[in-house]
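**Student:** Got a predicted model here, sequence first, then my questions.
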Amino acid sequence: MSEYTSEYLQEKLQKEFNPLHVEVADLTDGCGGKFSVVIVSDKFEGKPLLAQHRMVNDCLAEELKTIHAITIKTMKPAQWEKQKAK
Amino acid sequence: MALQDVQDSAEFDKILANSSSVLTVVHFHAPWAIQCSQMNEVMEELAKENSHVKFYKLEAENLPEVSHKYEISAVPTFLLFKNQKVVDRLDGANAPNLTKKVQHHANVITPTVTVVAKEQDTKQDINTRLKNIINGAPCIMFMKGSPKEPRCGFSRQMVELLNGQGAKYSHFDILTDNDVRQGLKVYSNWPTYPQLYVNGELVGGLDIVKELAASGELASELPTDDDLNKRLQSLVSSARSDGIYERKS
């Protein structure tokens, strides 16, 4: 199990991506093994999906060594606006 | 790659040596046997369908040393090679069986590369191994377990997604090979499994594949199980008699 909390990961992503929105959820109720990440940033503009996920993976590279599973959803600001409108 | 002719035994050795873990199908034929020419047509079709498999025909009577080595006593006979070893054999003009065998072996990525490498005492670089595995099939999923028995929820979801798209894919169970499991993370710069590769390129993990499926983009990325069987049918029915011609002495 990992010692990371969703708050810690969220803060790290916040610094790296300066996101419009970032949301990290611990899917294991605090034991830190499984997380889901939703992140909206203009840094994803013009990048393919694979590259966007890589950016998140790279940012959390150290943490991912011990985190068992992570679900990532990256969005550009326009996609985020669209989703919110739904 | 289309069906190619093997002219002499030196060329044959070279082909086997160069094909490493790629499935190589060799038809020992005779030009006077009508079953053989029918099976050559079947092989042409299979070659179109299985771009990652190599197909060769070899005139059995012209290369007696090769025919002798592999105990070819009748034509047509088919040998399937991987890593310079015979992995399967078919005697007789049985097109449905040949198709089945080719598809079976093309879809099984055997970790025998390590074994062979160890046997030959040549230390194969992990990246070369990974490259061989990734390019061993047009579409390959690195997963935990197998499509029939996925050993992780994410792998299971990816299997269900691909099956739902009618995708034709191979798999590699990373739980059976720790070198690949650790090495691929670095090679592909991707920290988690499953990982999906198409034509040697990483498509992504489950989240990406899910998103591509939802937006309808996935279908165009994947090789599909199309109507190969339908197209083969005319050839199959004409070659179904399982005929074997004894070798002229």
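**Tutor:** Alright, I've got the coordinates.
**Student:** In the chain, mark out all the strands, start to finish.
**Tutor:** Here I'm looking at chain A. A:21-26, A:34-40, A:69-75 (DSSP state E).
**Student:** meant chain B actually
**Tutor:** Using DSSP E, strands in chain B cover B:4-6, B:24-29, B:54-59, B:74-75, B:77-82, B:85-91, B:139-143, B:170-173, B:195-198, B:201-204, B:245-246.
**Student:** tell me, what residue is most central in chain B?
**Tutor:** B:Ala106 (2.1 Å; CA atoms, centre = their mean).
**Student:** quick one: pLDDT of that one?
**Tutor:** Reading off the confidence values, B:Ala106 has pLDDT 85.
**Student:** wait, it sits on B:Leu23?
**Tutor:** Yes - with contact defined as CB atoms under 8 Å, B:Ala106 reaches B:Leu23; the gap is 5.2 Å. For glycine as for every other residue, the C-beta is placed from the backbone atoms N, C-alpha and C.
**Student:** follow-up on the earlier one: can I get the strands of chain A in JSON lines with mean pLDDT?
**Tutor:** Output for the strands of chain A, formatted as JSON lines (pLDDT from 0 to 100):
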{"stretch": "strand A:21-26", "mean pLDDT": "92"}
{"stretch": "strand A:34-40", "mean pLDDT": "92"}
{"stretch": "strand A:69-75", "mean pLDDT": "92"}
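**Student:** Using JSON lines, please lay out the ones you listed together with mean neighbour count and distance to chain B.
**Tutor:** JSON lines is the format used below for these (neighbours: other CB atoms under 10 Å in any protein chain shown; distance: least, CB to the nearest CB, whole Å):
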{"stretch": "strand A:21-26", "mean neighbour count": "16", "distance to chain B": "14"}
{"stretch": "strand A:34-40", "mean neighbour count": "21", "distance to chain B": "9"}
{"stretch": "strand A:69-75", "mean neighbour count": "20", "distance to chain B": "5"}
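**Student:** would TSV of those strands with distance to B:Val86 be doable?
**Tutor:** Formatted as TSV, these follow (distance: least, CB to CB, whole Å):
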stretch	distance to B:Val86
strand A:21-26	53
strand A:34-40	46
strand A:69-75	41
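**Student:** Quick one: closest of those strands to B:Ser67.
**Tutor:** Shortest distance between B:Ser67 and those, using CB to CB, is found for strand A:69-75: 53.9 Å.
**Student:** Sketch out the low-pLDDT regions of the chain for me.
**Tutor:** Just so you know, I chose chain A. Applying pLDDT under 70 to chain A flags the ranges A:1-2, A:29-32.
**Student:** Switch to chain B, please.
**Tutor:** B:1, B:109-124, B:224-249.
**Student:** what's the distance between B:Pro191 and B:Met143?
**Tutor:** Per CB to CB, to the nearest Å, B:Pro191 is found 15 Å from B:Met143.
**Student:** which one of these two has more residues nearby?
**Tutor:** Set B:Pro191 next to B:Met143 and count neighbours by other CB atoms under 10 Å in any protein chain shown: B:Met143 wins out with 25 against 19.
**Student:** Quickly list what that one is bridged to.
**Tutor:** B:Asp173 (DSSP bridges).
**Student:** Chain B contacts on chain A?
**Tutor:** Within chain A, the positions adjacent to chain B are A:49-50, A:53-54, A:57, A:61, A:64-65, A:69-73 by CB under 8 Å from any CB of the partner chain.
**Student:** at 10 Å what do you get?
**Tutor:** Within chain A, the residues that sit near chain B (CB under 10 Å from any CB of the partner chain) are A:34, A:36-37, A:48-50, A:52-54, A:56-58, A:60-61, A:63-65, A:67-74.
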